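Student: generate a structure from the sequence data that follows.
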Amino acid sequence: MDTRFIVQARVFKAMSDENRLRILDYLREGEYNASQLLERMDFGQSTLSHHMSILTSAGVVTTRKNGKWTIYSLDKKVFDKMCSWMKVYSV
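Tutor: Down below sits the predicted model:
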């Protein structure tokens, strides 16, 4: 089995949800902690935690600790990779 397809599928699947796309759109603006994201979302902490787990497991979002907070940000390198993955289908 070709593992590159497993990685690609995980990334694209992570982005195949409207709420996760909204989260990614907010993270385009910069770093946010969970509390800041929840202020902008129409769901609760457990749902946010579920979505962030999927996004971080896929490598689309990175985390870092700042005191008691986990800070989330986009991993822009993954988006560059996604562009190169898609490019092979456009030639």
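Student: pretty sure G59 is in a strand, no?
Tutor: No. G59 is assigned coil when assessed by DSSP: H, G, I helix; E, B strand; the rest coil, not a strand.
Student: and it, how many residues sit next to it?
Tutor: As a burial measure, G59 scores 15 neighbours (other Cβ atoms under 10 Å). All C-beta spots, glycine's among them, are computed from the backbone N, C-alpha and C.
Student: same check on R28?
Tutor: The burial count for R28: 11, using other Cβ under 10 Å.
Student: D75 now?
Tutor: The number of residues packed near D75 is 16, by other Cβ under 10 Å.
Student: now do the same contact list for it.
Tutor: Taking Cβ atoms under 8 Å, 6 or more residues apart in numbering, we find D75 in contact with 59-62.
Student: quick one: which of the residues you listed is nearest to K13?
Tutor: In terms of Cβ to Cβ, no member of those lies closer to K13 than V60, at 10.3 Å.
Student: how about JSON lines for the contacts of D75, with distance to E31 and pLDDT added?
Tutor: Listed next are the contacts of D75 as JSON lines, based on distance: Cβ to Cβ, whole Å; pLDDT from 0 to 100:
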{"residue": "G59", "distance to E31": "17", "pLDDT": "94"}
{"residue": "V60", "distance to E31": "14", "pLDDT": "96"}
{"residue": "V61", "distance to E31": "10", "pLDDT": "97"}
{"residue": "T62", "distance to E31": "9", "pLDDT": "97"}
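Student: can you redo the residues you listed as CSV with distance to K13?
Tutor: Formatted as CSV, the contacts of D75 follow (distance: Cβ to Cβ, whole Å):
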residue, distance to K13
G59, 12
V60, 10
V61, 14
T62, 18
